[in-house]
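> Can you look at this prediction? I've put the sequence above it.
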Amino acid sequence: MTTDDPNESRNIQVHKARFKDWTLMFIFSVITMGSSADVSGNSTSGRSSYEHFAVFLSTISFLVSCLSVILYLSSRFSKHFVNSVWEGFCAFLLIIIWVIGVSIVTDSETELAVDEDGRVRVGNLYYFAWASLFWSTAIMANFTQSAVGIDITAELRSSGKRMTIWTVLFALSVVIFANSAHVYDTACTGDDPDEEGFFCTSAGYGIGSGVLCTVFTGNVVVTKIRGVPYLFQTEFILAGIVFLLYTFGVSILTSHSGAGAPLGNLYYGSWASFILSSMCLKSCWEDYQRGTTGSGNNAATNEHASALHTPGGNSNNDVPEVKANNQYDGDRI
C-alpha cells in the first residue's frame with residue numbers, strides 16, 4: 001500500500017530504519033549479556049563486584065532493547081513509542097549504560113574482556129560492548145534528527161570543515177591519555193613495579209602525547225562550535241603537530257615492547273588516531289593547494305571568489321581577465 005503524503009512516507013522510512021537499529025542493539029545486548037555471564041562464572045556468590053555490575057548492565061540493556069523491539073512491532077503501542085520522549089529516554093539510558101559498561105569490561109584491573117596486560121581475551125564481550133556504545137549513540141542521533149529536528153551530523157559539518165574528524169580525534173586523545181595513565185600507574189609505579197624500561201617510557205609518551213593532542217584538538221573543536229573563524233594556518237599547523245605525535249605514538253606504543261602492543265583500547269586508539277590525523281592533515285593540504293581555508297564560515301566567500309575567477313565570471317567588472325588571473329595567483333601565494 002502506497003501513500004501520497006510525504007510526511008507519512010517519511011515516518012514509515014524512519015520507523016523501518018530505527019526498527020533495524022533497535023533489533024541490532026537487541027542482538028548486541030544478548031551477546032554481551034551472555035559473554036558477561038560466561039566470564040563471571042555460574043556461581044553468583046563467587047563473582048566480584050565488577051562481574052556483578054557487568055552482568056547487571058548488560059541485562060538492563062537487553063531488557064530495554066527487547067522492550068523497544070516489541071513496542072515497534074506492536075501496531076497498538078508503536079505510535080505511542082516511536083519518536084516519543086520514552087524512546088529518547090531509552091536511547092539515552094543505553095548510552096549511559098554502555099559508557100559505564102565499556103569502562104568496566106575493558107579495564108585491565110577487572111580482567112573481564114581484557115587480561116591484566118590489557119590484551120583482549122574475550123572478543124565477544126570486548127567488541128560487542130564497544131559496538132553497543134556506538135550503536136546506542138547512533139540511535140540517539142537518529143532520534144534527535146527525526147523527533148526533535150536536530151541533525152547532529154549536519155550540525156557538526158556546519159560548524160566547519162573537518163569538524164567531525166577533530167571531534168573524533170579529541171575523543172580518541174582522551175582514550176589514549178586515560179589508558180596510558182592507567183597502564184603506567186598499575187605497571188610502572190610502586191616499590192616493585194611489574195614493568196620498566198621501554199614499556200614505561202612508551203606509556204609516558206602516551207600520557208604526554210595524549211594530553212597535548214587533547215588540548216590541541218579540544219581547542220579546535222571548541223572554537224569551531226562557538227562559530228569563531230579559525231585561522232587556517234593555525235589549524236594546518238595543529239594538524240601537522242597532531243599527525244607527528246601520533247606517527248611517533250603508533251610506532252612507539254604498538255611496538256613489540258610498547259605499552260599498546262596487546263590488542264586493546266590503547267592499540268586500537270593509537271592506530272585510529274594515526275589514520276584520522278593523516279586524513280585531517282591531507283584535507284588541510286588539499287585546501288592549501290586549492291587556495292581555500294576550508295572553514296565553514298568562509299565557504300561563501302571562497303565560493304564567490306571562485307566565481308569571479310572563472311571564464312565569464314567578471315562580466316560585471318571592468319577588470320581585464322589577465323589582471324584578474326594575476327590577482328588570483330597573488331592571493332594563492
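Okay, I see it. Numbers count the residues shown, from 1 in each chain.
> Can you report how many residues lie near H256?
When counting by other Cβ atoms under 10 Å, one arrives at 6 neighbours for H256. For glycine as for every other residue, the C-beta is placed from the backbone atoms N, C-alpha and C.
> Surely K79 is in a helix?
Yes: according to DSSP: H, G, I helix; E, B strand; the rest coil, K79 belongs to a helix.
> Tell me the spacing between it and F177.
46 Å (Cβ to Cβ, to the nearest Å).
> who's more crowded, the two?
Each of K79 and F177 has its neighbours counted (other Cβ under 10 Å); F177 has more, 20 against 13.
> In what element of secondary structure is the more buried one found?
With elements taken from DSSP states H and E, the one containing F177 is helix 163-187.
> Name the residues of the helix or strand that that helix is followed by that are buried.
Downstream of helix 163-187, the next assigned helix or strand under DSSP H and E is helix 198-225. Of the residues in helix 198-225, 199-207, 209-211, 213-214, 216-221, 223-224 count as buried by neighbour count, 16 or more other Cβ atoms under 10 Å.
> swap in stretch 227-245?
230, 232, 235-236, 238-239, 242-243, 245.
> can you give me how far that stretch is from the chain middle?
Centre-to-centre, stretch 227-245 and its host chain are 19 Å apart (Cα atoms, centre = their mean, to the nearest Å).
> I'd like the average pLDDT over it.
Average pLDDT, stretch 227-245: 88.
> next one: stretch 48-64
Computed over stretch 48-64, the average pLDDT equals 93.
> Now it: buried residues?
50-51, 53-55, 57-62, 64.
> could I get that stretch in CSV with only the CA atoms?
Written as CSV, here are the backbone C-alpha positions of stretch 48-64 (Å, rounded to 0.1, in the frame of the first residue of the first chain):
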residue,chain,number,x,y,z
SER,A,48,33.3,-9.9,42.1
SER,A,49,31.5,-6.6,42.2
TYR,A,50,32.7,-5.7,38.7
GLU,A,51,31.4,-9.0,37.4
HIS,A,52,28.0,-8.4,39.0
PHE,A,53,27.9,-4.9,37.6
ALA,A,54,28.8,-6.1,34.1
VAL,A,55,26.1,-8.7,34.1
PHE,A,56,23.6,-6.2,35.6
LEU,A,57,24.3,-3.5,32.9
SER,A,58,24.1,-5.9,30.0
THR,A,59,20.9,-7.4,31.4
ILE,A,60,19.3,-3.9,31.6
SER,A,61,20.5,-3.2,28.0
PHE,A,62,18.9,-6.5,27.0
LEU,A,63,15.6,-5.6,28.6
VAL,A,64,15.4,-2.1,27.3
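> where does this structure have low pLDDT?
For the chain, the stretches flagged by pLDDT under 70 are 1-11, 148-160, 191-192, 230, 292-333.
> Could you list the domains of it?
8-150, 157-296 (automatic domain parsing).
> How far does the shortest one sit from its chain's centre?
By that I understand domain 157-296. 13 Å.
> swap in the longest one?
From the chain centre to the centre of domain 8-150 is a distance of 17 Å (Cα atoms, centre = their mean).
> quick one: contacts for V168?
L276 (Cβ atoms under 8 Å, 6 or more residues apart in numbering).
> Please flag which of the buried residues of stretch 227-245 sit within helices.
232, 235-236, 238-239, 242-243, 245 (DSSP state H).
> Among these, which one lies nearest to C188?
Minimum distance to C188 across these is 20.7 Å, recorded for L245 (Cβ to Cβ).
> State the distance from the closest one to L263.
With Cβ to Cβ as the criterion, L245 and L263 are 22 Å apart.
> Ok, I241 next?
The value you get for I241 to L263, if Cβ to Cβ is used, is 28 Å.
> List the residues that contact the closest residue to P193 other than its chain neighbours.
What sits nearest to P193 in space, not counting adjacent residues and going by Cβ to Cβ, 6 or more residues apart in numbering, is A187, at 6.4 Å. The contact partners of A187, by Cβ under 8 Å, 6+ apart, come to 193-195, 199-200, 203, 259.
> Redo those as TSV? Include distance to R121.
What follows is those, written out as TSV (distance: Cβ to Cβ, whole Å):
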residue	distance to R121
P193	23
D194	18
E195	19
F199	19
C200	23
A203	20
A259	17
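> could you dump the strand or helix carrying L125 to PDB, C-alpha only?
Assigned by DSSP H and E, L125 falls within helix 123-143. Output of helix 123-143 as PDB, limited to C-alpha atoms (Å, rounded to 0.1, in the frame of the first residue of the first chain):
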ATOM      1  CA  GLY A 123      36.400 -10.900  21.900                       C
ATOM      2  CA  ASN A 124      32.600 -11.100  22.100                       C
ATOM      3  CA  LEU A 125      32.500  -9.100  25.300                       C
ATOM      4  CA  TYR A 126      35.100  -6.500  24.200                       C
ATOM      5  CA  TYR A 127      34.000  -5.800  20.600                       C
ATOM      6  CA  PHE A 128      30.300  -6.000  21.200                       C
ATOM      7  CA  ALA A 129      30.500  -3.800  24.300                       C
ATOM      8  CA  TRP A 130      32.100  -1.100  22.100                       C
ATOM      9  CA  ALA A 131      29.500  -1.900  19.300                       C
ATOM     10  CA  SER A 132      26.700  -1.400  21.800                       C
ATOM     11  CA  LEU A 133      28.100   2.000  22.800                       C
ATOM     12  CA  PHE A 134      28.400   3.200  19.200                       C
ATOM     13  CA  TRP A 135      25.000   1.800  18.200                       C
ATOM     14  CA  SER A 136      23.200   3.400  21.100                       C
ATOM     15  CA  THR A 137      24.800   6.700  20.200                       C
ATOM     16  CA  ALA A 138      23.600   6.200  16.600                       C
ATOM     17  CA  ILE A 139      20.100   5.500  17.800                       C
ATOM     18  CA  MET A 140      20.100   8.700  19.900                       C
ATOM     19  CA  ALA A 141      21.400  10.700  16.900                       C
ATOM     20  CA  ASN A 142      18.700   9.300  14.700                       C
ATOM     21  CA  PHE A 143      16.100  10.000  17.300                       C
END
